[in-house]
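A.B. asks: let's see this in three dimensions:
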Amino acid sequence: MAYISLLTQTRELERQLAYIASNADIDTLGHVEQELMRRIKQQAIDARLETQEYEYAESRALQTKAARLATKRLEQLQQDIIEASKHGLFSAIDVALLSASVQQIIAGLE
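C.D. replies: Residues are numbered from 1 along each chain as shown. Now for the predicted structure:
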């Protein structure tokens, strides 16, 4: 199996989340659901940037710091995805796929 960089995996996760979000009519959602979707989108962007910092870090100390930040962000993203599924924004299949992607990225950061 070919190696796929963590940054590429994180970009794919961000793309998947954007696709799912685009299928939801944000304007018809309640305030809580809108806030969840906004937060998920922002966390995906921030996770990508932190993963990029990890991959391009010039020292092990910077890499460790970026990995810690990215892991924390990805864990929160996963919790928010699960919370959003309770509001019907993600299906069980979406949650399983996205959670597996998040866990794979986290494992690569360790």
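
A.B. asks: any idea what sits nearest the spatially most central residue of the chain, other than its immediate chain neighbours?
C.D. replies: Centroid-nearest residue in the chain: Ala44, 4.1 Å away (criterion: CA atoms, centre = their mean). Among residues not flanking Ala44 along the chain, Glu14 sits closest, at 4.2 Å (CB to CB, 6 or more residues apart in numbering). (Glycine included, C-beta is placed from N, CA and C.)

A.B. asks: what do you get for Asp94?
C.D. replies: Closest to Asp94 by CB to CB, 6+ apart is Ile20, at 5.9 Å.

A.B. asks: could you report the neighbour count for the one you found?
C.D. replies: When neighbours are defined as other CB atoms under 10 Å, Ile20 has 19 of them.

A.B. asks: farthest residue from the center of the chain?
C.D. replies: Most peripheral residue of the chain (CA atoms, centre = their mean): Ser59, 24.7 Å.

A.B. asks: what residues are up against Ala18?
C.D. replies: Applying CB atoms under 8 Å, 6 or more residues apart in numbering to Ala18 gives the contacts Lys41, Ala44.

A.B. asks: mind checking the SS state of it?
C.D. replies: helix (DSSP: H, G, I helix; E, B strand; the rest coil).

A.B. asks: pLDDT value on it, please?
C.D. replies: pLDDT for Ala18: 88.

A.B. asks: quick check: the gap between it and Gln42.
C.D. replies: 12 Å (CB to CB, to the nearest Å).

A.B. asks: ditto for Thr8
C.D. replies: Going from Thr8 to Gln42 by CB to CB gives 20 Å.
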